[in-house]
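Chemist: Need a 3D model of the following:
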Amino acid sequence: MALLRSGAAMVTAFNLVPVVEAVLPDKPKTEVECVVASDKVLYIGTGDGQLVSYQLEEAISPLGKTVYRSKVGARLQLTSDKKKPVQQLMVINHMKRLLALVDGYLYVMTTALQIVEVGQRVTKVQCYCLNESKGQQIERDKAEILIAPQKKKIIQLYVFTGGEKGGGVEKLVSVKDINVPDVVLCMARDGDHVCMALQGSQGGEGRYIVMDMSNGEQCTELLPFGAETTPFVKRLGKGEFLINAGPVGVVTIVTGASNRPPINWNSAPPKASAYLFPYVLTWSEVKATINVFSLLVQNMVQEISFQNGRCFGEAAGKVYIAQERAIYLLSPVPLKDQVESYLQKQMVEEALILAETIAAVEQGKNNPDAVAKAEEYTMGVKQKAAFIYISVGQFSRAEALLMESSCDPREVIFLFNGILNSSSSFTPRLATSIPSIEVLASDGSFTIDEAKNFLMRYLKEVRTTAVAYGRKEELDTALLKLMAEARSPSLIPYITNQDLLLSFEEAEEALKNYGCYHALGHFYLYAKRSGDALNVWTRIADGEFRDSQFPGLKFIVDQLSSCTNPEVVLKYTKWVLRKDEAMGIRIFMEQMSRETQPPEELHPSRVLEYMQEFPNATLLYLEYIIVNKSVEDEKYHSKYGELLLEDVLRLKNLPGGAVGGDKQFERARKKLEQFLKSSTHYRASFLLSRIQNTDLYSEMAILYGRMDEHEKAFSLLAHKLKDYQGAEKHCVHYSQNKSRQYKQSLYLMLLSVYLKPNEKQEMLEKPAIDLLNRHGEDFDAAQVLQILPSVWPISTVKSFLMHSLRSSIDTSRTIKIEKNLGKGENLQVRSQLMELQGGPVLISETTNCPVCRQPFSDAAFVRYPNGTVTHLRCARNKSVCPVTGTWFGE
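Modeler: Numbers count the residues shown, from 1 in each chain. Below is the predicted model of the structure:
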């Protein structure tokens, strides 16, 4: 199905209705030359110089159609020469006068066809016109008539005044002659502007001009016309004229420009023309047809067969056309009926233009009710037009009209089978005017996919407008169904980022039917059914469902990490842990990293109990809460140390050829040592019992140190590991922030281990000497001399002794200085005290206590360091002056 183009089909804009079937039946040779109407009176000018008036009466036929009855009213023979026709008729409606041009003579008559004497006789007239501008002030008893004389290159302005102004005498007075370039053949006036068709020189081409009478004789050249063209000028509206330029009609404005495309006469050159908004009507002698052209769409919209046409007559919104012996009314079909006719013939653009024109006319009335009705009417036409566009697959145009007209989106959804909610109570009004999309697409003009893509675009746009109010569930559900069927990449963002109102059952069914399982999980999450969402996602990961949009295991981890339902977290985290312990434990870490306190079900103690079958995950979790969350609970530190130790022992017992085993073992052991050294919250005795029978001597040494069993630690470092630097570092580490005596005892203990081995160990002479030489200041020399072997020569420890002696002397001198400084400070304080206590305190009978304002009655009083003296009872706090508040601290 293809949309018909503009002008490819005809509509009925006018009906041809007989008005006078036989003019003057008693004069069979009398023929009509011109016709004009006023109110219900029709005036006919004949070829034999007569004027005839007919009274018209409207009636309704049995078939419901409007018919006319005519009755001769008056007759007037204007010339004795019956070969002189009436050339032109016009009615001055506001003065109730009729103008007739016969044989170059201009007659003025009453509407009863009585000739009016106007004083001046006007002869040799080629044509005349009235001022048709409604914008100018019309005086009740005055009219301007513009006359073009025969064979003269002028136009003359006459003023016709009625009896009221002329003292009972009507006058026609020439007031102005205006030069023009050539003889005028016909003309039309709009205010100060006159459009004229001029005769060509010596039978050559004629031409059209526009003249501004208010600006001298200035003319604007328009277009030429040939000798075969019947020239005419029609005023269409303010400042706008239609001229016949031969094969086309041209609409021009007073500046000479054309503001509309030309009208193609379709090989039917007009012999006569008329205008009734928005149509130009012409009669073609060549085709013997009345042709109706729309100025809105610039095309012919109707063609009526009509033989022997003579002329048109226009009056009061009606157009008449005459044959030789009969008069017909071209009765306009109501514009709204024409719009419907356009729509039925799929002439959508014409229908829209005409509907908007109708609305503009109504809106110009400044009546709020009329404006509202016009708006409603236009919206209705746009909606009908949109559905016509849909029916032929022109979806972009349809979408624009649907948005402009605020159409109920359910009308469009209804066209698609299975898209509208089955529970919807919507009753379509427009959608029934065309078949369903499935039927329309069957002819191949468009595909179902194209139609559904259009519906998706439209629903995405319209759902955010006011039109969606009260219809949101149907719109949102329909859009989800379409996206699911198309496997649209926008489906998941649509579910997750929009404020949706969905029919749960229908949305769920659609997502399942089209295999959108990943989106189904998001939909469950949107519906606050996180358990169902995780169930779907885990089944996708297990391969039970297939969905290429599913991002993988990490996505499930992220969802569980942000899940606020602890039961769901615990249920599905174990599934993740079985897949990947490192990724699974992230869930509990993220849950714990929240600003809010985790629920009781996710407390670390519960989590550790939950993860008993996952040692690697447990290890990572403990490391997280100890290192990152700074948890100091002994049971967590002890458990972490135990797991690190088990990992070390496991790697230690791997077969010798295991790939990467040695490096893993070293890394694990280093990690264990770092923990044992940095943490102070584990039970060292418990961990020591686990490695007592192993060769992890450095770890044992650290644990012995934690238990203050330094001698055992030194023995392992010195005799098992030969790590003398490690032993010295042990002393440094455990003597930090301790007293000098404790530090000296620790170094002396290490020296004793070096010098007094048991039966299976030898004396470590060199490490002992190095220790003394490097840390001589950290030893008590007297105690060292007591344990040194008696066989050692003095030269062996000479360096230690000299360093120790200098250190002792330095210490002694420092102590003496500190002692003397203390004495000096003591003397200063005692001097200050004597100064405070040495002055007299004078109390007389007139001396009052500054606290109670009473005199001193006995010798007991209190004196503060600032000189304040009070009763003993008034001195409540010996450190604070009761008067000034000064504090005398210690």
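Chemist: Excluding covalently adjacent residues, which one is nearest to residue 44?
Modeler: Closest residue in space to residue 44, ignoring its immediate chain neighbours: residue 52 at 4.7 Å, by C-beta to C-beta, 6 or more residues apart in numbering. (Each C-beta comes from the backbone N, C-alpha and C, glycine too.)
Chemist: how many neighbours does the one you found have?
Modeler: Applying the criterion other C-beta atoms under 10 Å, we find 23 residues in the vicinity of residue 52.
Chemist: Show the backbone phi and psi for it.
Modeler: Phi and psi for residue 52, reported as degrees, to the nearest 10, are phi -130, psi 130.
Chemist: Might one say that it is in contact with residue 43?
Modeler: Yes. Counting by C-beta atoms under 8 Å, residue 52 touches residue 43, with 7.5 Å between them.
Chemist: residues in contact with the residue nearest to residue 44?
Modeler: Listed by C-beta atoms under 8 Å, 6 or more residues apart in numbering, the contact partners of residue 52 are 23, 24, 43, 44, 46, 72, 74, 75, 76.
Chemist: Do I have it right that the first one meets residue 44?
Modeler: Yes. Using C-beta under 8 Å, residue 23 and residue 44 qualify as a contacting pair, with a distance of 6.0 Å.
Chemist: Of all residues in this protein, which one is nearest the centre?
Modeler: For the chain, residue 464 is the residue whose C-alpha lies nearest the centre (C-alpha atoms, centre = their mean; 8.4 Å).
Chemist: does that one count as helix, strand or coil?
Modeler: Judged by DSSP: H, G, I helix; E, B strand; the rest coil, the three-state class of residue 464 is coil.
Chemist: Could you check how far it is from residue 475?
Modeler: Residue 464 sits at a distance of 10 Å from residue 475 (criterion: C-beta to C-beta, to the nearest Å).
Chemist: which non-adjacent residue is nearest residue 700?
Modeler: Beyond its immediate neighbours in the sequence, the residue positioned closest to residue 700 (C-beta to C-beta, 6+ apart) is residue 716, lying 5.6 Å away.
Chemist: Span of stretch 21-31 from start to end?
Modeler: With C-alpha to C-alpha, to the nearest Å as the measure, the first residue of stretch 21-31 is 12 Å from its last.
Chemist: Same question for it: list its buried residues.
Modeler: Of all the residues in stretch 21-31, those buried under the rule 16 or more other C-beta atoms under 10 Å are 23, 24, 30, 31.
Chemist: And stretch 274-290, by the same measure?
Modeler: Under the neighbour-count rule (16+ other C-beta under 10 Å), stretch 274-290 has 274-276, 278-284, 287, 289-290 buried.
Chemist: Can you convert the residues you listed into CSV and add a column each for pLDDT, distance to residue 332 and secondary structure?
Modeler: Output for the buried residues of stretch 274-290, formatted as CSV (pLDDT from 0 to 100; distance: C-beta to C-beta, whole Å; DSSP: H, G, I helix; E, B strand; the rest coil):
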residue, pLDDT, distance to residue 332, secondary structure
274, 93, 12, strand
275, 93, 12, strand
276, 91, 6, strand
278, 87, 10, coil
279, 91, 8, strand
280, 93, 13, strand
281, 94, 10, strand
282, 93, 16, strand
283, 92, 17, strand
284, 92, 20, strand
287, 90, 22, coil
289, 93, 18, strand
290, 94, 13, strand
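Chemist: how about a markdown table for these, with distance to residue 103 added?
Modeler: Supplementary listing: the buried residues of stretch 274-290 in a markdown table, determined by distance: C-beta to C-beta, whole Å:
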| residue | distance to residue 103 |
| --- | --- |
| 274 | 25 |
| 275 | 28 |
| 276 | 31 |
| 278 | 37 |
| 279 | 34 |
| 280 | 31 |
| 281 | 29 |
| 282 | 28 |
| 283 | 25 |
| 284 | 29 |
| 287 | 32 |
| 289 | 32 |
| 290 | 29 |
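Chemist: Quick check: the two most widely separated of those?
Modeler: Taking C-beta to C-beta as the measure, these reach their widest spread between 278 and 287, a distance of 22.6 Å.
Chemist: coming back round to it: what's the farthest-apart pair in the buried residues of stretch 21-31?
Modeler: Using C-beta to C-beta, these reach their maximum pairwise distance at 24 and 31, which is 9.9 Å.
Chemist: what about stretch 686-699, distance to the chain center?
Modeler: 68 Å (C-alpha atoms, centre = their mean, to the nearest Å).
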